[in-house]
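*Asks:* Predicted coordinates and the sequence they were generated for:
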Amino acid sequence: MASGIARPPLRSMLFVPGNRTEWLPKAVAAGADAVVLDLEDAVAEADRPAATERVAAAVAAAAEPATALFVRIPPLDDWPAAARLRAVARTGLAGVVLPKVSDAEQVRLADRLLGWCEQEHGLPPGTFALVPLLETARGLRSAFEIAGAVPRVGYAGALTAPGGDVERAVGYRWSPEGTETRELRSRVLLDVRAAGVAHPVGGLWTRIADLTGLRAFAEQNRALGYAGMMAIHPSHVPVINEVFSPSAAELARCARLVAAVAAGRAAGSGAVAFEGEMVDEAMAATARALLARHGGGSAGP
């Protein structure tokens, strides 16, 4: 169901505290594909009303932003939370990040509220993407149902930062190598892919200065099948973007593979020898998909 609305791939989603919207230009300059203005954990509850006004103003000022703007709202547990959602869901917003999702009904509630906001602002249905964060054991266990609850779910995956909600909920002991969460990230990835989410995102890496560790973790997520990662510091964005972008050599090889399979089919062969491997239409379809996502040669999303 989630595949019903096309969303652009996002290699990097960089969080910025909602009460520090003056940092937004720096976040954009870092090259993040998306910026997430945070009204949840990054902002004290007493400061959220003022931060909400700041975030709403920032979204309104970026009616046609070059970088996709998302907002992480607090859980939709009360009317003030719904009011915050209404305040920020306006022209210029790419989507909403919904924290601590435990079941599909929470996603459907957010979907209905966002639909009303779209109608209020004269926007097409489905304008706002929804990013459910799976931060509880129940949410992780229900990843398939949550990711497939409504078509506007555009991005989802497992977040396994040290000491955070997921570590507390599951009980693992975090390590930089990520061996204790690899199976968890893999299972959630399979669930969200099966639900139709085209661009699974994972994360986070909290060690600001450890770019080597970040690269290794990002490469592990990419190898598993994730399409991007969330980030908490601008210095992490270039590394993440590079890891989740195919190189020029990879794209060139894809183009050659597609051409080789096409030539083979024209000659009546389903499988052909290509640069030391046997390839067929399945490999060509994968190569064509990669070329289509990256503009046939662009390293960007």
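*Replies:* Received it, and whenever you're ready, just let me know what you need. Numbering: from 1, shown residues only.

*Asks:* check contacts around L290.
*Replies:* Listed by C-beta atoms under 8 Å, 6 or more residues apart in numbering, the contact set of L290 reads P246, E250, L251, C254. All C-beta spots, glycine's among them, are computed from the backbone N, C-alpha and C.

*Asks:* If we use 7 Å, what do you get?
*Replies:* Each residue near L290 by C-beta atoms under 7 Å, 6 or more residues apart in numbering is listed here: P246, C254.

*Asks:* per-residue confidence for it?
*Replies:* At L290, the model reports a pLDDT of 87.

*Asks:* Okay, and it sits in which element?
*Replies:* Using DSSP states H and E, L290 falls within helix 281-293.

*Asks:* Identify each buried residue in that helix, please.
*Replies:* By neighbour count, with 16 or more other C-beta atoms under 10 Å as the criterion, the buried positions of helix 281-293 are M283, A284, A287, R288, L290, L291, R293.

*Asks:* So what pairs up with the residue nearest the centre of the chain in the strands?
*Replies:* Residue closest to the mean C-alpha point of the chain, counted by C-alpha atoms, centre = their mean, is V201 at 3.8 Å. Beta-bridge partners recorded for V201 (DSSP bridges): G228.

*Asks:* Check the contact between it and M229; I expect there is one.
*Replies:* Yes. Here V201 reaches M229: they are 6.2 Å apart, a contact under C-beta atoms under 7 Å.

*Asks:* so where's this protein shaky on pLDDT?
*Replies:* 1-4, 63-65, 295-301 (pLDDT under 70).

*Asks:* Which residue ranges of it form helices?
*Replies:* For the chain, applying DSSP state H gives helices covering 24-29, 48-61, 79-88, 104-120, 137-141, 143-147, 165-170, 182-194, 211-224, 237-243, 248-266, 281-293.

*Asks:* Quick one: those helices as CSV, columns for distance to R7 too.
*Replies:* Shown next, in CSV, are the helices of the chain (distance: least, C-beta to C-beta, whole Å):
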stretch, distance to R7
helix 24-29, 20
helix 48-61, 18
helix 79-88, 19
helix 104-120, 14
helix 137-141, 21
helix 143-147, 13
helix 165-170, 24
helix 182-194, 13
helix 211-224, 19
helix 237-243, 18
helix 248-266, 22
helix 281-293, 12
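
*Asks:* looking at those helices, which is buried most?
*Replies:* Highest mean neighbour count of these: helix 143-147, a mean of 24 (counted as mean count of other C-beta atoms under 10 Å).

*Asks:* Show me what that one is packed up against.
*Replies:* Under the contact criterion of 3 or more C-beta pairs under 7 Å, 6 or more residues apart in numbering; DSSP states H and E, helix 143-147 touches helix 104-120, helix 182-194.

*Asks:* Which among the ones you listed is found nearest to M278?
*Replies:* Comparison of the helices and strands packed on helix 143-147 against M278 by C-beta to C-beta identifies helix 182-194 as nearest, at 26.0 Å.

*Asks:* Now do the closest one: which elements does it pack against?
*Replies:* helix 143-147, helix 211-224.

*Asks:* Please tabulate those helices in a markdown table, including the columns distance to S186.
*Replies:* Below are these laid out as a markdown table (distance: least, C-beta to C-beta, whole Å):
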| stretch | distance to S186 |
| --- | --- |
| helix 143-147 | 11 |
| helix 211-224 | 6 |
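
*Asks:* Tell me how far the residue nearest to A194 when sequence neighbours are not counted lies from T160.
*Replies:* Nearest non-adjacent residue to A194, counting by C-beta to C-beta, 6 or more residues apart in numbering: F144, 6.0 Å away. Distance of F144 to T160, computed by C-beta to C-beta, to the nearest Å: 18 Å.
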